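Participant: Take this sequence and fold it.
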Amino acid sequence: METDSPLKLCRNDERGAHFVATRDMPAGTRILSPGCIEEALTDGSKRCSDCKRGVSEQDKHCLFCSNFATCTKCTKEDLWRRHQKECRAFNALEMEFEEEGLTKQSAVAIETNARENLFLALRWTIHRSETLYGSDPWLQGIWRNGTVPGILLSHEDKRDEEDISNIHATANFILELANSHAKAQASVEEIRQFLQIVKCNGCGIMDPFRQESIGIGLYPSGCCFNHSCRPNCDYLPDANGRIQVVTIRPVLMGEEMTLTYTDNVTQSIKERSESLSSYFFVCDCERCTKEVRMDLQLDSEEELHVTKMEHALIEAENSDTVALGLEKFKIAVKEMWNIPEFHRLRWKAYHGCLIHAEVMRDWETAETAINGMLKFHDEVDKMRSTELLPVAKVGLLVKKAWVLSKISAQRSVESRTIITTAISALQPFGVDVLGLRLWEKGFLTCKHVETIDEILYAE
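Facilitator: Reported below is the predicted structural model:
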């Protein structure tokens, strides 16, 4: 089975477990749908637990824990039977987030872990003997019956005492919840190992239309893609909510297949190094070792004006009202005239403008901000000297189309052209783009719906 695959799993001391291409591939080639051990959404009440699409009040929601839902397409009895095992434990964990006067153990767990990581660990502790979905040629070799033969590293030997202590407290907290409200299938030592593995190998679940993280999952084979700040692959959930890894630029036979673990658009080499410190390695990709020109421009601090603008953006973020914040961000954008065109502060200024303009329904300002962010993306792509599948731009493209349709009916034609680009970028991942297709053809517009989700998740 592996011989027919576009991937070969290799191991060596320098790169660890990693995938290389077995043949030349163009951008947009689907190369892997990794089997999933467990997933957890950041807010299970707002998305279908199976396909990850947004849900409405008409869809099926768990009324007890308020942290599980399925859309009409995915309302399957086996999903709800599985949830019954975890429901009371989910409810108990949800209550811990709202309680005051937590025990020391609870407080440590909640303060040192992302919400979705705790739900993921709790789910695995209860369902350990099961694989959530899917399989692939390498899954059983990496993850056998809930055990890890050593390919997925926990890096316990590199953690400081405080981190190890916090992880141990969290493991005890998870075990107590599981035993009190369900039936734990793992020991505290196994939960502790799982938590450490997730910290280094957990994969964010991305909303394909917004390019925002909506949860976390553990996909053992997917963890064997090493990091690069110039990746040749990306991943998104398909129409059924299953993660698909796809090439985003042409790949040659023998080339290592990589993903990015950081924000490789707006972060400089210094910021990326800080982000990667929790993975316990120093990146030595081409961008970090040879293409320093890009990062020097991203993070240039030679001019005194840069420090002044940083303070201005912090002040805008901390404004007392949204209206005041918007005005301050607009002033900041105007005063960027002597900041390099390709500098992280420009992105931050435009991003702040966009967020505030959306709340104030100032669509012209929102359009200006999005154009600035898209221009920033284009400059990054030019520096990479390789044409990429524009997956990372999809969120901005969809938002721009929405904003244009809000400005006037005349701009709706332009917005539909933009949506065509977004559809092309998402197509290789198998994402359900029915709503975008209806938008592209003019059957759904902002006149027909109140929120953009009604278009994105149209059935």
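Participant: quick one, helices of the stretch 201-350 of the chain?
Facilitator: 269-276, 286-289, 292-298, 304-317, 322-334, 344-360 (DSSP state H, counting those that start in this stretch).
Participant: Buried residues, the shortest one. List them.
Facilitator: Of the residues in helix 286-289, Arg287, Cys288 count as buried by neighbour count, 16 or more other Cβ atoms under 10 Å. For every residue, glycine as well, the C-beta is placed using N, CA and C.
Participant: Who are the packing partners of it?
Facilitator: Where contact means 3 or more Cβ pairs under 8 Å, 6 or more residues apart in numbering; DSSP states H and E, helix 286-289 is packed against helix 269-276, helix 292-298.
Participant: if we go to 10 Å?
Facilitator: Secondary-structure packing of helix 286-289 (3 or more Cβ pairs under 10 Å, 6 or more residues apart in numbering; DSSP states H and E): helix 269-276, helix 292-298, helix 363-384.
Participant: Same list (these) but as CSV, adding distance to Tyr261 and mean neighbour count.
Facilitator: What follows is the helices and strands packed on helix 286-289, written out as CSV (distance: least, Cβ to Cβ, whole Å; neighbours: other Cβ atoms under 10 Å):
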stretch, distance to Tyr261, mean neighbour count
helix 269-276, 6, 16
helix 292-298, 17, 17
helix 363-384, 17, 18
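Participant: Nearest approach to Gly28 belongs to which of those helices?
Facilitator: helix 363-384 (16.0 Å; Cβ to Cβ).
Participant: Report the next helix or strand after the closest one in sequence order.
Facilitator: Later in the chain than helix 363-384, the nearest helix or strand by DSSP states H and E is helix 394-407.
Participant: returning to that earlier point: mind putting the helices and strands packed on helix 286-289 into CSV with mean pLDDT and distance to Glu161?
Facilitator: Listed next are these as CSV, based on pLDDT from 0 to 100; distance: least, Cβ to Cβ, whole Å:
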stretch, mean pLDDT, distance to Glu161
helix 269-276, 86, 21
helix 292-298, 64, 34
helix 363-384, 87, 40
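Participant: In TSV: those, plus distance to Lys85.
Facilitator: Conversion of these to TSV gives the following (distance: least, Cβ to Cβ, whole Å):
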stretch	distance to Lys85
helix 269-276	35
helix 292-298	47
helix 363-384	44
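Participant: Out of the ones you listed, flag the one nearest Lys400.
Facilitator: Comparing these by Cβ to Cβ, helix 363-384 comes nearest, at 4.6 Å.
Participant: tell me what that closest one is packed against?
Facilitator: Helix 363-384 sits against helix 286-289, helix 292-298, helix 322-334, helix 344-360, helix 394-407, with contacts defined as 3+ Cβ pairs under 10 Å, 6+ apart.
Participant: related to what we said a few turns ago, out of the helices and strands packed on helix 286-289, the one nearest Ile314 is which?
Facilitator: Smallest distance to Ile314 across those (Cβ to Cβ): 16.3 Å, for helix 269-276.
Participant: which regions of the stretch 1-150 of the chain lie under the pLDDT threshold?
Facilitator: Within the stretch 1-150 of the chain, the segments meeting pLDDT under 70 span 1-3, 101, 145-150.
Participant: re earlier: using CSV, lay out the helices and strands packed on helix 363-384 together with distance to Gln196.
Facilitator: Converted to CSV, those look like this (distance: least, Cβ to Cβ, whole Å):
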stretch, distance to Gln196
helix 286-289, 26
helix 292-298, 31
helix 322-334, 40
helix 344-360, 32
helix 394-407, 31
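Participant: Ok, which of those helices comes nearest Leu236?
Facilitator: Of all these, helix 394-407 sits nearest to Leu236, with 9.0 Å by Cβ to Cβ.
Participant: What number of residues are in the vicinity of the closest residue to Arg53 other than its chain neighbours?
Facilitator: With sequence-adjacent residues excluded and distances taken as Cβ to Cβ, 6 or more residues apart in numbering, Arg53 is closest to Tyr457, at 4.8 Å. A count of nearby residues for Tyr457, using other Cβ atoms under 10 Å, gives 20.
Participant: doesn't Leu434 make contact with Tyr457?
Facilitator: Yes: the pair Tyr457 and Leu434 qualifies as a contact (Cβ atoms under 10 Å) at a distance of 8.9 Å.
Participant: Now do the contacts for the nearest residue to Asp432 once chain neighbours are set aside.
Facilitator: In space, and not counting its chain neighbours, Asp432 is closest to Ala239: 3.7 Å by Cβ to Cβ, 6+ apart. Ala239 makes contact with Cys51, Lys52, Arg53, Lys73, Pro208, Phe429, Gly430, Val431, Asp432, Val433, Leu434, according to Cβ atoms under 10 Å, 6 or more residues apart in numbering.
Participant: Which one of the helices and strands packed on helix 363-384 has the poorest average confidence?
Facilitator: For these, mean pLDDT drops lowest on helix 292-298, to a mean of 64.
Participant: of the contacts of Ala239, closest to Arg159?
Facilitator: Nearest to Arg159 among those: Lys52, at 31.3 Å, using Cβ to Cβ.
Participant: pretty sure that closest one is in a strand, no?
Facilitator: No: Lys52: not assigned to a strand; according to DSSP: H, G, I helix; E, B strand; the rest coil it is coil.
Participant: Okay, the closest residue to it other than its chain neighbours and Leu326: tell me how far apart.
Facilitator: Residue nearest to Lys52 in three dimensions, not counting chain neighbours: Gly241, with 4.4 Å by Cβ to Cβ, 6+ apart. Taking Cβ to Cβ, to the nearest Å as the criterion, Gly241 is separated from Leu326 by 36 Å.
Participant: Please consider this matter closed, and thank you.
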